[in-house]
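Enquirer: Everything below, folded, please.
(2 chains)
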Amino acid sequence: MTDGVRANSLRNGPSASGHFGDGLGGRFVAETLMPLLLELDEAYKQAKADPAFHKELAFYLKDYVGRPSPLWFAKRLTEELGGAKIYMKREELNHTGSHKLNNVMGQILLARRMGRTRIVAETGAGQHGVATATVCALFGMKCVIYMGATDVERQMPNVFRMKLLGAEVVPVTAGAGTLKDAMNEAMRDWVANISDTYFLVGTVAGPHPYPAMVRDFQSVIGDEVKVQMQEAEGRLPDVIVAAIGGGSNAMGIFHPFLDDPSVKLIGVEAAGHGLDSGKTAASIERGSRGVLHGNRTYLLQDENGQITEAHSISAGLDYPGVGPEHSWLHEIGRAEYVGITDNEALEAFQTCTRTEGIIPALESAHAIAYAVKIAPTLSPETLLVINISGRGDKDIFTVAEHLGVKL
Amino acid sequence: MSRIARRFAALKQEGRGALIPYLEACDPDFQTSLDLLKAMPEAGADLIEIGMPFSDPSADGPVIQLAARRGLKAGATLPRLFEMVKSFREQDNDTPIILMGYLNPIEAYGIDRFCVDASAAGVDGLIIVDMPPEEAGPMQGPAKAAGLDIIRLIAPTTDDNRLKLVLNHASGFVYYVSITGITGTRSASDEDLRAALPRIRAATDLPIAIGFGIRTPEQAASASRIADGAVVASALLATLAKTLDPSEQATPSTLPSVLTQLRELAAAVRA
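Expert: Numbering: from 1, shown residues only, chains lettered A, B, ... in the order given. All right, here's what the predicted structure looks like:
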C-alpha cells in the first residue's frame, strides 16, 4: 500500500478532514451518516496500521484474486502502431475479470473487522457489483446491489452473475437509471440500515475516507507495475494511460508514480459522442467544481447546479463525476486528462482483440484508444503502459449491436 | 429578534409547539406552489419550509424525490424561488421561511450572492442537508452577515461529543432527524422521541423541531409537544401528488386537498 509519509510528496493526501488541495473531496453528507464516516475512518486507520490486516489481505489477493497480474509486452500492437513500446497491465486477469476485486477484498475484510453483516454497493457496468457479490459469497454475507435500470438492461450477463452469487440486485429507475442514481439509492439504503450494513463504494469517489481508502486498495496495481517494469526494462515507465469513470483503476496505477515526475500520467475520460456533443461523461474536461455524492469534485452540471446526465457507450464510465483526487491532480497539472469517443473506443476494442488476443472491457478500450492515438508519435524507447482494467466478455452484446451484428 | 425566534417565543406563550409544513418550489408549477405557500399560514402553518429542488436528493425518500423532479421540470431555480418568497412576504411579514435543500445549487449560484438574495427576498433560515458542520465554514460568514440562521440537523447517530460540535454555530432552531433513514419512510415512536430529547435539550437553549416520518395529526401533535415543533413534508407532498392529472399538472382539487390535510394537522397541534 502507500509509502511512509514524506514531506513535499504528492502521495500524502488527503488531509485529516479528507480534503485534496483547495477544498476538493471532503465529507458532504447528512448528519445521520457523519458519525458512521468517522467510525469508518477510524476503523480504516487502525486496519491500515495493523500488520495482521495486511497479511490477511495479501493472502486473499494472492490466492483468491490471483495477484500479481502480469505486465504484458504487447508486441504486435507495438509493431502495428510503430512507436512507443506498449505494455499492458493485465487487471482483466483478476478473478471476476477486472481491477474491482482489489478494492472489494480490502473493504470486505474491513467490514468484517467492523462486525458488519450486510453489504450494500452501487454498480454501473456491473463489475463492482459482481466483485462485491463474489466476496459476499466467499464470506457468507448478505449482499444488496443497486444498479440503474438502464444499466441492468445493457449488462444482463453481469446481473445474472450477481444473482447466481446470491446477491439481491435492485434496479433503480430514478433519473436516467445509471450509476449516479444507483449511488444515490445505495446511500439511502445505508442511512436506513446503519446498524448492520457496510456501504462498499466501488470507486475513488464519495465522502472521505472512501476516495483515499479505495485508492490505497487499488494502489497494488501501480506498485506491481513499478516492480515489473524494473524487471522488464530496468527503469520506470514513461507514460501510463488509464480509463476514468469514477477513476479507481487510474488512481490505483497512478498513485505509486505521483512522486516520479518523469512518468507522464494520462487519464482517459469517456467523451461519448464527442466532448462538445452534450452527450459525454468527461467530467474533468467538460465539468466544473461541485458537490455530489459526499465530495467536492468536477461534475457535469448545468448553470443552476443541477447534475446533468452523463453519456458513454461504456456503462462503467457513465458517471457525471470523478474522484476528487483526480480533480486535484488535474488542477495541479500532475496528470493529464483527455477524452475518447464511443466510436474510438469501439475501434480500439477491436484492434486490441485482433492484435493481442485480449478482449478488453469497453472501459479499458478508452485507454487503449488513446494509447493507439499517441503511440505512433512517440519514440520506440518510450515505455507506455495501458491499464487493461477489465475484460470485455460482458460487452460483446453492446459491441455486436454497434457493429450491426445480431447474436 | 429574528422572525424565527419571535415565532417560537410567541408559541411558547401560547403553550404549544410549532407546525412546520414543507412544500417543494414549483411543484407542480410556479403558480400552484406560490398559491399553496400563501395559503399555508391561514391553514395553520407556524413556520414554512420550502424545498429547493435538486437533481440528486440522496437523503430523501421517493415522495420528495418525485416532488423535486416535478419542480425541476416546471423550471424551479433559485431566482424563481426567491420570487416566490418575495411575493409571499408582500402579504405575510411574520411567518418564518426556511429553505431546505442541497449544497450544489447554492454553490453554483454563489454562496455570498445566495445569502444576500435569500435574505433580501425574506428568507429566515437554511437547512442544507449535505453540509455537516465540518464543511459549513464557507457558508457561516455570509449567512450570518445576511441575518440567515443555519439550522443544524441532529440525528439519532449524533453522539454527545458531536452534539457540541453540531450545536456550536447553530442558530434559529435545531432540527432533530428522528429516524436513521431517508425522508418519508418510517416513523419514530413517542418513546424514542421522549428518550432522545432530553439529551439535546441539555445541550442547547434553541427550540427543537422534529422531522422525518411525521405523517398523521396524532404524530404531529405528539412531536410538537415532546419537542417545540413538528415538520411534515412527505405526507403533504404525497397528498399533492395524488391530486395531479396524468401529466402531473395541478387539478382543482390540488390546493384544497393539501390545505385540508394541513388544517387537520394544525387542529391536532393546537388541541
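Enquirer: all strands for the stretch 151-271 of chain B, in order.
Expert: Chain-ordered strands for the stretch 151-271 of chain B, with DSSP state E, counting those that start in this stretch as the definition, fall at B:152-154, B:174-177, B:208-211, B:229-232.
Enquirer: Now do the last one: which elements does it pack against?
Expert: Contacts of strand B:229-232 with other secondary structure elements, assessed using 3 or more C-beta pairs under 8 Å, 6 or more residues apart in numbering or on different chains; DSSP states H and E, are made with strand B:18-24, strand B:208-211, helix B:217-226. For every residue, glycine as well, the C-beta is placed using N, CA and C.
Enquirer: for the ones you listed, which one ends up most surrounded?
Expert: When neighbours are counted by mean count of other C-beta atoms under 10 Å in any protein chain shown, the highest per-stretch mean among these falls to strand B:18-24, a mean of 27.
Enquirer: Can you dump the C-alpha atoms of that strand in CSV for me?
Expert: Listed in CSV are the C-alpha atoms of strand B:18-24, where the atom choice follows Å, rounded to 0.1, in the frame of the first residue of the first chain:
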residue,chain,number,x,y,z
ALA,B,18,-45.0,24.7,16.0
LEU,B,19,-46.4,23.1,12.9
ILE,B,20,-43.9,23.3,10.1
PRO,B,21,-45.2,22.2,6.7
TYR,B,22,-43.0,21.7,3.7
LEU,B,23,-43.6,22.3,0.1
GLU,B,24,-41.3,21.9,-2.9
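Enquirer: For chain B, give the residue positioned nearest to chain A.
Expert: In chain B, no residue comes nearer to chain A than residue B:108, which is 2.8 Å away by C-beta to the nearest C-beta.
Enquirer: would you turn the helices and strands packed on strand B:229-232 into a markdown table with distance to chain A and mean pLDDT?
Expert: Written out in a markdown table, the entries for the helices and strands packed on strand B:229-232 read as follows (distance: least, C-beta to the nearest C-beta, whole Å; pLDDT from 0 to 100):
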| stretch | distance to chain A | mean pLDDT |
| --- | --- | --- |
| strand B:18-24 | 14 | 98 |
| strand B:208-211 | 12 | 97 |
| helix B:217-226 | 18 | 97 |
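Enquirer: mind checking which of these is nearest residue A:97?
Expert: strand B:18-24 (43.0 Å; C-beta to C-beta).
Enquirer: Direction included, what does that closest one pair against?
Expert: Sheet pairing of strand B:18-24 (DSSP bridges) gives strand B:48-51 (parallel), strand B:229-232 (parallel).
Enquirer: any idea which of the ones you listed is most buried?
Expert: Between the strands paired with strand B:18-24, the one whose residues have the most neighbours on average, counting mean count of other C-beta under 10 Å, is strand B:229-232 (a mean of 28).
Enquirer: My guess is residue A:161 contacts residue A:137. True?
Expert: No - counting by C-beta atoms under 8 Å, residue A:161 does not reach residue A:137; the two are 10.7 Å apart.
Enquirer: Look at the two and report which has more neighbours.
Expert: The residue with more neighbours, out of residue A:161 and residue A:137, is residue A:161; 21 against 15, by other C-beta atoms under 10 Å in any protein chain shown.
Enquirer: ok now do that one, which residues does it touch?
Expert: Neighbour list for residue A:161: A:126, A:130, A:133 [criterion: C-beta atoms under 8 Å, 6 or more residues apart in numbering or on different chains].
Enquirer: Closest to chain B out of those?
Expert: Comparing every one of those with chain B (C-beta to the nearest C-beta), the shortest separation belongs to residue A:126, at 21.3 Å.
Enquirer: May I have the predicted confidence score for the nearest residue to that closest one once chain neighbours are set aside?
Expert: Spatially, and ignoring its direct neighbours in sequence, residue A:126 is nearest to residue A:158 (2.8 Å; C-beta to C-beta, 6 or more residues apart in numbering or on different chains). The confidence metric pLDDT takes the value 91 at residue A:158.
Enquirer: Enumerate every residue touching residue A:158.
Expert: The contact partners of residue A:158, taken as C-beta under 8 Å, 6+ apart, are A:123, A:125, A:126, A:127, A:129, A:130, A:394.
Enquirer: If we only consider these, which is nearest to chain B?
Expert: When these are compared for distance to chain B (C-beta to the nearest C-beta), residue A:123 comes out closest, at 16.5 Å.
Enquirer: quick one: the closest residue to residue A:200 other than its chain neighbours from chain B, how far?
Expert: Nearest residue to residue A:200, sequence neighbours excluded (C-beta to C-beta, 6+ apart): residue A:121, at 4.5 Å. Counting by C-beta to the nearest C-beta, to the nearest Å, the gap from residue A:121 to chain B is 15 Å.
Enquirer: continuing past the helix or strand containing residue A:170, what's the next helix or strand?
Expert: Here residue A:170 sits within strand A:168-172, counting by DSSP states H and E. Proceeding N to C from strand A:168-172, the next assigned helix or strand is helix A:179-192, under DSSP H and E.
Enquirer: Pull out the buried residues from that following helix.
Expert: Buried residues in helix A:179-192, counting neighbours by 16 or more other C-beta atoms under 10 Å in any protein chain shown, are found at A:179-192.
Enquirer: Just checking it against chain B, any contact.
Expert: Yes - figure legend: helix A:179-192 in contact with chain B (C-beta under 8 Å from any C-beta of the partner chain); contacting residues A:180, A:183, A:184, A:187, A:188, A:191, A:192.
Enquirer: residue closest to the middle of chain A?
Expert: Using C-alpha atoms, centre = their mean, the residue of chain A that lies closest to the mean C-alpha position is residue A:248, 2.8 Å off.
Enquirer: Using just helix, strand and coil, how would you label the closest residue to that residue other than its chain neighbours?
Expert: Ranked by C-beta to C-beta, 6+ apart and with sequence neighbours excluded, the top spatial neighbour of residue A:248 is residue A:203, at 4.4 Å. Using DSSP: H, G, I helix; E, B strand; the rest coil as the criterion, the local structure at residue A:203 reads coil.
Enquirer: The one 5 residues further on too?
Expert: Taken by three-state DSSP, the conformation at residue A:208 corresponds to coil.
Enquirer: Am I right that residue B:46 is in a strand?
Expert: No - counting by three-state DSSP, residue B:46 is not found in a strand; it is coil.
Enquirer: State the distance from it to residue A:389.
Expert: With the distance defined as C-beta to C-beta, to the nearest Å, residue B:46 ends up 55 Å from residue A:389.
Enquirer: of the two, who's got more company?
Expert: Of the pair residue B:46 and residue A:389, residue A:389 is the one with more neighbours under other C-beta under 10 Å, namely 33 against 27.
Enquirer: so how many other residues sit close to the residue nearest to that one when sequence neighbours are not counted?
Expert: With sequence-adjacent residues excluded and distances taken as C-beta to C-beta, 6+ apart, residue A:389 is closest to residue A:249, at 3.8 Å. For residue A:249, the neighbour count with other C-beta under 10 Å is 34.
Enquirer: tell me which element residue A:249 falls in.
Expert: Secondary-structure element containing residue A:249, defined by DSSP H and E: helix A:248-254.
Enquirer: Tell me which residues of that helix come out buried.
Expert: Neighbour counts using 16+ other C-beta under 10 Å place A:248, A:249, A:250, A:251, A:252, A:253, A:254 of helix A:248-254 among the buried residues.
Enquirer: And stretch A:296-311, by the same measure?
Expert: Neighbour counts using 16+ other C-beta under 10 Å place A:296-301, A:304-311 of stretch A:296-311 among the buried residues.
Enquirer: list the helices and strands the helix or strand hosting residue A:230 packs on?
Expert: Using DSSP H and E, residue A:230 falls within helix A:220-233. Taking 3+ C-beta pairs under 8 Å, 6+ apart as contact, the helices and strands that helix A:220-233 lies on are strand A:71-73, strand A:85-90, helix A:248-254, strand A:383-388.
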